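Engineer: here's my sequence, what's the structure:
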Amino acid sequence: MQRNRTAPTLLVTGCNGQVGFELRRSLAPLGNVVALDRSACDLANPDDLRRVVREYRPDVIVNPAAYTAVDKAETDAELAFAINGTAAGILAEEAKALGSLLVHYSTDYVFDGTKDGAYVETDAVNPQSVYGKSKLAGERAITATGAQALVLRTCWVAGAHGGNFAKTMLRLGKERDSLRVIADQFGAPTTASLIADVTAQIVARHWLAGDRQAFASGVYHLAAAGETTWHGYATEVLRYAKAHGVELKADPEQIEAIPATAYPLPAPRPSNSRLDTTRLQEAFGIHLPDWKQGVHFLLDQILP
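Structural biologist: Numbering: from 1, shown residues only. Next up, the predicted model:
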């Protein structure tokens with residue numbers, strides 16, 4: 001079949017990650033998707049990164065690739081900042097030179113988690129971990145270029161492809177008679193498929209088919225609707241699995257609720273990861289479903 005040479009080119013980094021894997025699907029109807037893994041596009045290598053973008057000259061650059069080993073970053077700051085900070089700025093510079101759109105993903109970790117209520121985009125940032133600081137550096141590097149860019153902060157990401165909290169809870173629920181899960185950290189489990197689908201909707205409606213000069217660049221919060229705790233999340237995962245015939249050793253209704261202080265980690269986690277998504281919904285006409293709907297859809301894909 002002859003390739004449609006008039007179709008736009010969309011470059012996706014980190015194509016084997018949770019979000020990158022889903023972007024390969026969601027962006028496919030929009031044009032020619034160039035999906036690259038780390039071996040083909042190393043974000044830690046600025047020269048390689050520039051070479052790749054200049055070779056493909058994409059209409060849209062979508063960058064889900066990131067250094068996401070939150071605890072390891074505490075002792076590997078240089079690499080975390082290179083990938084999450086410096087590389088984001090380079091992609092923005094290249095996007096600006098091409099007149100292209102950059103879509104980049106950030107995190108709730110840019111906040112300290114002490115706010116009473118959901119964070120809005122204009123709330124003061126105060127990252128407490130190297131990971132959070134490196135992601136904030138990326139946001140600022142992008143903004144400094146003046147490129148047309150969409151920075152989407154999200155939280156508690158889980159996908160059918162790759163490891164995540166839901167899969168871990170399923171495994172432990174089968175292996176152990178009892179579980180202990182943190183119950184004083186709040187957020188909204190957000191599926192990689194939702195993030196990818198929202199990205200595709202915005203790119204299709206407002207960039208490829210819209211007025212590019214009027215595109216509403218900036219930072220937006222993207223998360224599923226509603227909220228829960230890690231304990232509530234774990235309970236829902238095992239409850240749904242049990243209802244669908246999965247044999248568990250752990251009783252979903254008897255998971256022990258513990259404070260975060262009982263499970264210390266090298267990198268501090270925000271106690272409050274709730275993100276207000278009003279700005280995204282109003283700017284781009286996006287509907288965000290409840291977190292349980294997304295988790296159920298995820299489980300339907302991975303349950304035996």
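
Engineer: all strands of the stretch 101-250 of the chain, in order?
Structural biologist: 101-107, 149-154, 157-158, 180-182, 186-187, 190-191, 218-221, 228-229 (DSSP state E, counting those that start in this stretch).

Engineer: how many neighbours does the nearest residue to Phe284 once chain neighbours are set aside have?
Structural biologist: Once flanking residues are discounted, Phe284 sits nearest to Ile202: 5.0 Å by CB to CB, 6 or more residues apart in numbering. C-beta coordinates here come from the backbone N, C-alpha and C atoms, glycine included. For Ile202, the count of nearby residues is 25 (other CB atoms under 10 Å).

Engineer: so what does the host helix or strand of Ile90 touch, helix or strand wise?
Structural biologist: Using DSSP states H and E, Ile90 falls within helix 87-98. Packed against helix 87-98, as judged by 3 or more CB pairs under 8 Å, 6 or more residues apart in numbering; DSSP states H and E, are the following elements: helix 46-56, strand 60-63, strand 101-107, helix 130-145.

Engineer: packing partners for the second one?
Structural biologist: I take that to be strand 60-63. With contacts taken as 3+ CB pairs under 8 Å, 6+ apart, strand 60-63 sits against strand 9-12, helix 87-98, strand 101-107.

Engineer: partner strands of it and their direction?
Structural biologist: Using DSSP bridges, strand 60-63 pairs in its sheet with strand 9-12 (parallel), strand 101-107 (parallel).

Engineer: hang on, the earlier thing: which among the helices and strands packed on strand 60-63 is found nearest to Thr68?
Structural biologist: Closest to Thr68 of the helices and strands packed on strand 60-63, according to CB to CB: strand 101-107, at 8.9 Å.

Engineer: could you list the low-pLDDT ranges of the chain?
Structural biologist: 1-5 (pLDDT under 70).

Engineer: helices along that one, start to end?
Structural biologist: Assigned by DSSP state H, the chain shows helices spanning 18-26, 46-56, 77-81, 87-98, 130-145, 165-175, 192-202, 230-243, 278-284, 291-302.

Engineer: quick one: contacts for Pro252?
Structural biologist: Residues near Pro252 by CB atoms under 8 Å, 6 or more residues apart in numbering: 173, 235, 238-239, 241-242.

Engineer: Ile75 - how many residues pack around it?
Structural biologist: No Ile there; residue 75 is Thr. Neighbour count for Thr75, taken as other CB under 10 Å: 9.

Engineer: how close does it sit to Ala35?
Structural biologist: When distance is defined by CB to CB, to the nearest Å, Thr75 is 31 Å away from Ala35.

Engineer: same deal with Ala188?
Structural biologist: 27 Å.

Engineer: one more: Val130?
Structural biologist: 28 Å.

Engineer: of these two, who's got more company?
Structural biologist: Neighbours were counted for Val130 and for Ala35 using other CB under 10 Å; Val130 has more, 24 against 20.

Engineer: who's in contact with the more buried one?
Structural biologist: Residues counted as contacts of Val130 (CB under 8 Å, 6+ apart) are 73-74, 76-77, 80-81, 267.

Engineer: buried subset of the residues you listed, written for ChimeraX?
Structural biologist: Burial among the contacts of Val130 is assessed by 16 or more other CB atoms under 10 Å; the matching ChimeraX selection reads:
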select :73,74,80,81,267
